[in-house]
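**Q** Could you work out the structure for the sequence below:
(one chain, ligands or ions: 1)
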Amino acid sequence: MIHKFEVKTNFRTEMVDITRKVEEIVRNSGVNDGIAVIHIPHTTAAVTINENADRDVQRDMTKFMDELVPDKSWFRHSEGNSDSHIKSSLFGCSQTVIIENGRMVLGTWQGIYFCEFDGPRTRKVMVKIM
Ligand code: ZN
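**A** Residues are numbered from 1 along each chain as shown. You can find the predicted model right below:
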């Protein structure tokens with residue numbers, strides 16, 4: 001069974017903390033020892049695990065991604081969002097987290113982030129517990 005939930009984003013580039021939502025799915029699954037795969041079924045979004053203490057880390061990361069991958073005039077993709085596709089592939093569309101004693105094994109300062117690179121949109125997150 002694949003668990004799904006939606007994330008509404010408000011900006012073109014944005015990182016949304018989805019840790020609690022994934023935690024809830026892990027808890028409800030009843031799986032004690034296993035893995036959780038978090039998958040983003042989009043080509044202009046991604047998922048990453050990073051610092052959850054200082055919001056400025058997410059601001060710095062999103063600003064850096066915008067500077068790292070600017071919108072180039074020579075991009076041929078007619079939709080006009082090649083930069084979003086490149087950012088999505090750089091971060092990747094899935095993450096795997098270990099489950100031990102019914103809980104995700106994450107570092108004290110680690111959170112799971114949905115990464116929007118072509119918002120605002122309503123997006124899907126898929127979670128498979130094994
Ligand atoms: Zn496109």
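**Q** Quick check: residues of the chain near the ion?
**A** Residues of the chain found near the ion, taking Cβ under 5 Å from the ion as the criterion, are 79, 81. (Each C-beta comes from the backbone N, C-alpha and C, glycine too.)
**Q** What sits closest to Lys128 if chain neighbours are left out?
**A** Val37 (4.6 Å; Cβ to Cβ, 6 or more residues apart in numbering).
**Q** how close does the one you found get to the ion?
**A** Plainly put, Val37 is 25 Å away from the ion if you go by Cβ to the ion, to the nearest Å.
**Q** So what touches the one helix or strand that residue maps to?
**A** Secondary structure here is read from DSSP states H and E; on that basis Val37 sits in strand 34-39. The set of residues external to strand 34-39 that reach it, using Cβ atoms under 8 Å, 6 or more residues apart in numbering, is 18, 22, 25-26, 47, 93-99, 104, 112, 125-130.
**Q** List only those of those residues flagged as buried.
**A** For those, burial is judged from neighbour counts taken by 16 or more other Cβ atoms under 10 Å, and it is met by 18, 22, 25-26, 47, 93, 95, 97, 99, 104, 112, 125-129.
**Q** Just the ones of those in strands?
**A** In this view, those that belong to strands under DSSP state E are 47, 95, 97, 99, 104, 112, 125-129.
**Q** Nearest to Lys87, out of the residues you listed: which one, please.
**A** Out of these, the one with the shortest distance to Lys87 is Val47. That distance is 12.4 Å, counting by Cβ to Cβ.
**Q** List the contacts of that closest one.
**A** By Cβ under 8 Å, 6+ apart, Val47 lies in contact with 18, 38-40, 91-95, 112-115, 125.
**Q** pLDDT score assigned to it?
**A** Predicted confidence (pLDDT) for Val47: 98.
**Q** So which residues make contact with stretch 61-74?
**A** Contact with stretch 61-74 is made by 13-15, 50, 80, 82-83, 86-87, 90, 117, as judged by Cβ under 8 Å, 6+ apart.
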